[in-house]
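>>> Requesting a structural model of the entry that follows:
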Amino acid sequence: MSVFRIYPKKSNTIASGLYKNFNSGQNAITDLWYGGGGTDTAPEKRNSYSRYIVKFDLSDLQEKINNGEVILDYVSSFKLKMTNSIPRDKVLEQEYEYDILNKKISSSFDLVCFPINKDWDQGRGYDLTKSFYTVRALGENPLITGYSNWDYATQVNAWDEPGVFSNPTASTAVTQYAYQHFDIGNEDLEMDITGIVLDWLTGGTTNYGLGVAYNRYYELLSTDTRYIASFYTENTNTAFKPCIEVNYNQSFIDDRLNINNNRTCRLFLYTFSGNDASNFFSSSTVTIKNSANAVVQSGLTPTRIDKGVYFVDVWMSAATRGQQYKDIWEGVTFNPGFDQQDYTQYFVVQDNYYMRNAPQVNNYSLTLYGIDNGSIISTEENIRVYCDLRVNFSTNAPKTNYAIEYKMIMNNQIEVIPWTPINQAVIDRCPSNYFDLQTNWLLHNQTYEIQFRVKELGTARIQNEKIKFKVLRSF
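So this is what the prediction gives:
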């Protein structure tokens, strides 16, 4: 499962009641709360609730979709992820310096995520605490901390309803939303927002960002205790920034050297412009011919699975083992009106796929290249990492079928990419294992480690070889 992360462009926390003119758009933590006063109207007892709003720029994702690096048909989910900061007592004590409240970390509650329906500004406030207002007038009187706030999206544009929507899940402007239940209260937020993001990408609605709030039932509770849940924002100096995580699977195995007549096999074509993978404009169909040039199959339609990578599925049930065949990719066009050509490749039908290999578990060594161990790289690189697998103490590739996977860990503790299959390509009849490492979504000034494992005959073994590197921001 490949992963691509999108980090916030801006965010803000807004709150009702006494705090409606203020925000905490520059704070490293967002506090979501409800309650705090019951029906008491005394200044030190004020019932209110807060909401978090966040905007993600999807332009880089859209570019990846346009060039085939991410194909929506292979996307399994878009997830909003936020790390719980679990506030401590001293944080809660100074949160509202003149509020005398009983404050507790929330437990047994539901949060809802919903799309926002208009543009808004981040605001320059740091905290909803009197002593932490960013802008102060002479005499220490706090000023409003910029827009947005509870009533306004910008200085001149109000929300349709206070707090973006009075009740997000009941608003006619909200057609997609997501829930998450929190049992203990220290869980991280992880909501599947696939429907919302697909709606943005397909033009159903405009991406103005997301709101996160307590389910309306909790906001309407009148309690003497203020219940608080806290999460890191993009302003944190840690690696726990919120993100939209794109989960997709575009890894592949090229069967060209392992075509059999008792299973469906997959043949690939790789197209390049110079040294870079390049998508063709069109290809009509693929035809399979035998050594006598007789047509065996025709009219096969290519499918793109990555940038410059196309495949067709073939079933060679009547093929002769040991005979050579060719696959002809007809009418490949890169520039309509200027070029059109056929690509011819070859394959040989092998013995029975299910019976030809005696069970054998091998010890392997990996030869890794494309990025050196201990490298310092920038946030604007696209690196193809090759992983040549050979049997120990030899130069031989594995004879049995295998899968090779990688995962990436940040700062020795955060799994950024889970175990993901590495592409097994065959280019000019040479097998090659690789994956593409794009650094533009990795957090700068962080260290990363890539681990590898081999799966064969029911085993999964982590290899000794690793790649460690550090990412620095490009200027």
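>>> just the strands in the stretch 201-350 of the chain please.
Taking DSSP state E, counting those that start in this stretch, the strands of the stretch 201-350 of the chain run over residues 210-214, 225-232, 243-248, 264-270, 272-273, 276-277, 286-289, 295-300, 303-306, 309-315, 324-332, 341-348.
>>> can you pull the buried residues of the longest one?
Using 16 or more other CB atoms under 10 Å as the test for burial, strand 324-332 gives 325, 327-330, 332. Where C-beta positions appear, they are placed from N, C-alpha and C, glycine not excepted.
>>> How far does stretch 258-267 stretch from one end to the other?
Separation of the first and last residues of stretch 258-267 by CA to CA, to the nearest Å is 10 Å.
>>> Apologies, that question was intended for stretch 145-162.
End to end - CA to CA - stretch 145-162 spans 17 Å.
>>> got the contact list for that stretch?
12, 14-16, 19-25, 53, 117-126, 133-135, 163-165, 171, 173 (CB atoms under 8 Å, 6 or more residues apart in numbering).
>>> distance between that stretch and the chain's centre?
Mean C-alpha position of stretch 145-162 versus that of the full chain (CA atoms, centre = their mean, to the nearest Å) differs by 30 Å.
>>> avg pLDDT for it?
Across stretch 145-162, pLDDT averages out at 92.
>>> picking up where we left off before, any chance of the strands of the stretch 201-350 of the chain in a markdown table, plus mean pLDDT and distance to E415?
A markdown table is the format used below for these (pLDDT from 0 to 100; distance: least, CB to CB, whole Å):
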| stretch | mean pLDDT | distance to E415 |
| --- | --- | --- |
| strand 210-214 | 97 | 23 |
| strand 225-232 | 92 | 17 |
| strand 243-248 | 97 | 11 |
| strand 264-270 | 96 | 29 |
| strand 272-273 | 86 | 33 |
| strand 276-277 | 85 | 28 |
| strand 286-289 | 96 | 39 |
| strand 295-300 | 94 | 39 |
| strand 303-306 | 94 | 23 |
| strand 309-315 | 96 | 26 |
| strand 324-332 | 95 | 39 |
| strand 341-348 | 94 | 38 |
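>>> Which one of those strands lies nearest to Q451?
strand 243-248 (19.0 Å; CB to CB).
>>> Just give the nearest non-adjacent residue to C265, would you?
D255 (4.1 Å; CB to CB, 6 or more residues apart in numbering).
>>> if I look at the one you found, how far off is K466?
29 Å (CB to CB, to the nearest Å).
>>> which one of these two has more residues nearby?
Between D255 and K466, counted using other CB atoms under 10 Å, D255 has the larger neighbour count: 22 against 15.
>>> contacting residues around that one?
Applying CB under 8 Å, 6+ apart, the residues near D255 are 265-267.
>>> Now render those as JSON lines, adding neighbour count and distance to D192.
Shown next, in JSON lines, are the contacts of D255 (neighbours: other CB atoms under 10 Å; distance: CB to CB, whole Å):
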{"residue": "C265", "neighbour count": "22", "distance to D192": "34"}
{"residue": "R266", "neighbour count": "17", "distance to D192": "30"}
{"residue": "L267", "neighbour count": "23", "distance to D192": "35"}
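>>> hmm, back to that, dihedrals phi and psi, the residue nearest to C265?
Dihedral pair for D255: phi -90, psi 10, per degrees, to the nearest 10.
>>> Tell me how far it lies from F56.
Applying CB to CB to D255 and F56 gives a distance of 38 Å.
>>> what residues are up against the nearest residue to T205 once chain neighbours are set aside?
Counting by CB to CB, 6+ apart, D199 is the residue found nearest to T205 once chain neighbours are left out, at 5.1 Å. D199 is in contact with 115, 175-176, 205, counting by CB under 8 Å, 6+ apart.
>>> Can you classify D199 by secondary structure?
Secondary structure, DSSP: H, G, I helix; E, B strand; the rest coil: D199 is helix.
>>> got a pLDDT number for it?
95.
>>> cool, and the one 4 residues further on?
At G203 the predicted local confidence, pLDDT, stands at 89.
>>> Check the one 3 residues further on too.
T206 is assigned 94 on the pLDDT scale.
>>> What about it, how many residues nearby?
T206 has 12 nearby residues by other CB under 10 Å.
>>> surely it meets I196?
No. Between T206 and I196 there is no contact, the gap being 11.8 Å when judged by CB atoms under 8 Å.
>>> I371: which of the contacts of D255 is nearest?
For the contacts of D255, the nearest to I371 is R266 (28.0 Å; CB to CB).
>>> can you pull the contacts of that closest one?
R266 neighbours (CB under 8 Å, 6+ apart): 252-255, 311-314.
>>> Show me the domain layout of this structure.
For the chain, the structural domains run 2-248, 256-348, 364-472, going by automatic domain parsing.
>>> How far does the second one sit from its chain's centre?
On the basis of CA atoms, centre = their mean, domain 256-348 sits 31 Å off its chain's mean C-alpha point.
>>> Likewise for the longest one?
How far domain 2-248 lies from its chain's middle: 20 Å, per CA atoms, centre = their mean.
>>> and that domain, how far apart are its ends?
For domain 2-248, by CA to CA, the gap between its terminal residues amounts to 5 Å.
>>> what's the answer for the second one, then?
From its first residue to its last, domain 256-348 covers 8 Å (CA to CA).
>>> quick one: which of the contacts of stretch 145-162 sit in helices?
Using DSSP state H, no member of the contacts of stretch 145-162 sits in helices.
>>> Just the buried residues out of those residues, in ChimeraX syntax.
To isolate the buried members of the contacts of stretch 145-162 in ChimeraX, using 16+ other CB under 10 Å:
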select :12,14,15,16,19,20,21,22,23,24,25,53,117,118,120,121,122,123,124,125,126,133,134,163,164,165,171
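>>> Can you check which strand is longest in this protein?
strand 459-472 (DSSP state E).
>>> Does L189 touch Y179 like I think?
No. The pair L189 and Y179 does not pass the contact test of CB under 8 Å, sitting 11.0 Å apart.
>>> When these two are compared, which one has more neighbours?
When L189 and Y179 are compared for neighbours, L189 comes out ahead with 20 against 12, by other CB under 10 Å.
>>> what is the more buried one paired to in the beta sheet?
M82 (DSSP bridges).
>>> same thing with W33?
Beta-bridge partners of W33, as defined by DSSP bridges: I228.
>>> Can you read off the pLDDT for it?
The model's pLDDT for W33 equals 92.
>>> That one: neighbouring residues, count only.
26.
>>> which residues sit in contact with it?
Taking CB under 8 Å, 6+ apart, one finds 15, 48-50, 106, 226-229 in contact with W33.
>>> Pipe those residues into CSV and attach distance to L61 per row.
Shown next, in CSV, are these (distance: CB to CB, whole Å):
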residue, distance to L61
A15, 31
S48, 36
Y49, 32
S50, 29
S106, 32
R226, 37
Y227, 35
I228, 33
A229, 28
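>>> which one of those residues is nearest F280?
A229 (50.2 Å).
>>> pretty sure that closest one contacts I105?
Yes. Using CB under 8 Å, A229 is in contact with I105, at 7.1 Å.
>>> between the two, who's got more neighbours?
A229 (27 against 17).
>>> Now for the more buried one: which residues touch it?
31-33, 84, 105-106, 109, 111, 182, 185.
>>> repeat that for 6 Å
Contact analysis of A229 by CB atoms under 6 Å, 6 or more residues apart in numbering lists 32, 106.
>>> What is the least confident helix or strand in the protein?
helix 89-93 (a mean of 44; mean pLDDT, DSSP states H and E).
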